[in-house]
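In: pasting the sequence and the predicted coordinates here, then a few questions.
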Amino acid sequence: MVLPNKDVPFTGPSGITLHRFTPHKSASALTAKFRDGRIGLPADLRGGFASDGFQEIQPWLQEHCQPRRRPVRSSYMGDLYTCPRKFMWRVRYGLKVRGWMDPALHTGTFFHEMLRAVLTGSTIAEATSECDHLCQQCCSQLEAECDRNGMLPSGKPLEDSRQKCVNASALAKMMFELSVHPFLFSKMMEPYEVLTVEAPIEVKYRGIWAPIRCKPDALLMHRETGDVLVVNHKTTGERNTSTVCRSYPWALQPQLEHLCVRTVFPDAPNFRYLHNIMRKCSLRYPSKNSPTWEAYLENARAWYLKEGERDPANQPMLQSLFLLPSHPMTAELHVQLYEASRACYCDSIDTAKYPKNAASCFAFHKPCPFLSLCESTPGLWPRIIEERFEQVFREDEEDEAAADAPESEA
C-alpha cells in the first residue's frame, strides 16, 4: 500500500491513523538552506541560545546556599551518574527537604542503629530500646516542621508521615530480631574482634583532587591471621537477592571501602568483604493476624521460611563473603574517581553543566525530593528553597558523632 503524499492524517485498514509528514522535494536544497541558516533554528536563536535563567539565579545560589567542597563517596558518585542535577542539589548545595519521610530510608537507618548498638556491647533489648528512642526523635522532628494545617514542607500530612515512621521502626525491629543471631553471632564471626563500628574513614589518593570518604558498618580483624573483614548490612525490597549479591563485588561502595580500609591498615595480609542482605517483609504490625508483637515475630519468621522455600535461588536472608583483590585501585576506578572528584571539589558551579535526567524523577515509583525545583523556573527557586529545604552536610554530622563517641568506638 502506498500512502498519499499529503500532510493529512491517513487511516489504514488496521484502523490506526498515521500522521504523515511529506519531506522536502529536494534534499540538496533542504541541506543548503539548513547550512545557510535559513531554516532549522528559529530566528531568535541563530548565533546563540535562549536564556534559561541559570546565569541570573547563580549569584543568589552562591550567596544564600553557599556550595561546599565535598569528599568523594559512593553515594555521591551514584547521584552524579544517575542525575547530575540531583547531585548538584544534594551534594554540592547540601539541600534536604524539611520533614521528608522516606520509609525505606528510615527502615535502613533504624536497622543499622540497632546493629551498631549490639556491636558496641549493648544487649538486644537495649538495641531495640534505642530504635524506639530514634523513632520518637524522628516523630518529634516531623511535628516541629508541621504547619498549623497539619502539613509538612514536603506536602505530606503529618499523621501520614508519622505513621510511616512508626511502621518503619516496627519493621526494622522485627528484621533485627530475626537476623541478629545469624548475621552477628554465627560461628564464622567468632574468630574476629571488632575494630570500628560505623566510623568514618577519609583518605587522600594521588591523582584524585578530593579526599575519598566512606563509613563501613563495621571493621573486624581475625585474631590469629590478622585479616581484616569489612562488614556491610543491607535491607532491600528487591526479590532477586542473589543477583544483588552477585553484582555487588564490583559496586562502588565495596571498592571505595576497600581503598580506604587498605590505606588505614596497610600491613593486613588479606581483606575480605562480608555482605549481609535481608529482604523486607510484607507483613505489618499491628494487624488482624498480628495483634501482639510475639505473634508478629512468629508470622514474620514463617513468612521468611515460606519465601525461601518458594524461591530457593533467592533466599530472603543472604550472607555473601568474598576476598578483595590485592590492589584496590584499577584504571577504571581511577577514571571514575577523577571525574567525581572534579565534580565534588570544583569551586564554581554552573547549573547548565548539571542536567536533569528524567529517568530518575520517579525512580522506584517515588518522586525525587528535588522534583519541585526541576518543575519550576529558576526564578522561583529562591522561594521554594527557603520554604521547603534546609542545608545539611553529612560530613558535619559524622564528625560531630565521632567526636562525641567513646574512644573505643572512634
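Out: Okay, I see it. The model shown is predicted, which means the values in this text are computed figures rather than measured ones. Numbering: from 1, shown residues only.
In: which helices and strands sit right next to the helix or strand residue 403 falls within?
Out: Element membership for residue 403 (DSSP states H and E) is helix 394-404. With contacts defined as 3 or more CB pairs under 8 Å, 6 or more residues apart in numbering; DSSP states H and E, helix 394-404 has no helix or strand neighbours. (Glycine included, C-beta is placed from N, CA and C.)
In: what does that helix contact?
Out: Residues outside helix 394-404 that contact it (CB atoms under 8 Å, 6 or more residues apart in numbering): 70-71, 199-200, 213, 215, 410.
In: OK, contacts around the closest residue to residue 91 other than its chain neighbours?
Out: Spatially, and ignoring its direct neighbours in sequence, residue 91 is nearest to residue 76 (4.9 Å; CB to CB, 6 or more residues apart in numbering). Residue 76 sits next to 70, 87, 91, 340, 344 when contact means CB under 8 Å, 6+ apart.
In: please redo it, this time with the cut-off set to 10 Å
Out: 70, 87, 90-92, 210, 213, 252, 340, 343-344, 394 (CB atoms under 10 Å, 6 or more residues apart in numbering).
In: residue 333 now?
Out: 250, 252, 255-256, 258-259.
In: can I assume it sits in a strand?
Out: No. Counting by DSSP: H, G, I helix; E, B strand; the rest coil, residue 333 is not found in a strand; it is helix.
In: circling back: surely the residue nearest to residue 91 is in a helix?
Out: Yes. Counting by three-state DSSP, residue 76 falls inside a helix.
In: how near is it to residue 102?
Out: Separation of residue 76 from residue 102 (CB to CB, to the nearest Å): 18 Å.
In: tell me what the host helix or strand of residue 110 is packed against?
Out: Taking DSSP H and E as the criterion, residue 110 maps to helix 103-119. Here helix 103-119 touches helix 124-145, helix 158-184, strand 192-197, strand 218-222, strand 228-236, going by 3 or more CB pairs under 10 Å, 6 or more residues apart in numbering; DSSP states H and E.
In: now tabulate those in TSV and tack on mean pLDDT.
Out: Output for these, formatted as TSV (pLDDT from 0 to 100):
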stretch	mean pLDDT
helix 124-145	92
helix 158-184	91
strand 192-197	93
strand 218-222	95
strand 228-236	93
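In: these: which one's closest to residue 348?
Out: Residue 348 sits nearest to helix 124-145 of all the helices and strands packed on helix 103-119, at 32.4 Å, using CB to CB.
In: that closest one: which residues count as buried?
Out: 127-128, 130-131, 134-135, 138-139, 142, 145 (16 or more other CB atoms under 10 Å).
In: would you turn these into a markdown table with distance to residue 242?
Out: A markdown table is the format used below for these (distance: CB to CB, whole Å):
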| residue | distance to residue 242 |
| --- | --- |
| 127 | 29 |
| 128 | 30 |
| 130 | 32 |
| 131 | 29 |
| 134 | 31 |
| 135 | 32 |
| 138 | 33 |
| 139 | 36 |
| 142 | 37 |
| 145 | 40 |
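In: re the thing from before, quick one: buried residues of the helix holding residue 403?
Out: 394-395, 398.
In: also stretch 178-188?
Out: In stretch 178-188, counting by 16+ other CB under 10 Å, buried: 178-180, 183-184.
In: same thing with stretch 349-362?
Out: 349, 351, 354, 356, 360-361.
In: among these, which pair sits farthest apart?
Out: Counting by CB to CB, the most remote pair of those is 349 and 361, 21.1 Å apart.
In: looking at the contacts of residue 333, which are in helices?
Out: 252, 255-256, 258-259 (DSSP state H).
In: let me have those residues in a markdown table, extended by distance to residue 311, pLDDT and neighbour count.
Out: Shown next, in a markdown table, are the ones in helices among the contacts of residue 333 (distance: CB to CB, whole Å; pLDDT from 0 to 100; neighbours: other CB atoms under 10 Å):
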| residue | distance to residue 311 | pLDDT | neighbour count |
| --- | --- | --- | --- |
| 252 | 28 | 95 | 20 |
| 255 | 29 | 95 | 23 |
| 256 | 31 | 96 | 25 |
| 258 | 31 | 95 | 24 |
| 259 | 35 | 95 | 21 |
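In: what ranges do the strands span in the stretch 201-350 of the chain?
Out: Using DSSP state E, counting those that start in this stretch, the strands assigned to the stretch 201-350 of the chain run over residues 201-203, 212-214, 218-222, 228-236, 271-279, 317-323.
In: could you dump the ones you listed into JSON lines with distance to residue 402 and mean neighbour count added?
Out: Shown next, in JSON lines, are the strands of the stretch 201-350 of the chain (distance: least, CB to CB, whole Å; neighbours: other CB atoms under 10 Å):
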{"stretch": "strand 201-203", "distance to residue 402": "10", "mean neighbour count": "18"}
{"stretch": "strand 212-214", "distance to residue 402": "12", "mean neighbour count": "23"}
{"stretch": "strand 218-222", "distance to residue 402": "14", "mean neighbour count": "20"}
{"stretch": "strand 228-236", "distance to residue 402": "18", "mean neighbour count": "21"}
{"stretch": "strand 271-279", "distance to residue 402": "23", "mean neighbour count": "21"}
{"stretch": "strand 317-323", "distance to residue 402": "28", "mean neighbour count": "15"}
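In: would you turn these into TSV with distance to residue 385?
Out: Formatted as TSV, those follow (distance: least, CB to CB, whole Å):
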stretch	distance to residue 385
strand 201-203	29
strand 212-214	26
strand 218-222	37
strand 228-236	31
strand 271-279	36
strand 317-323	41
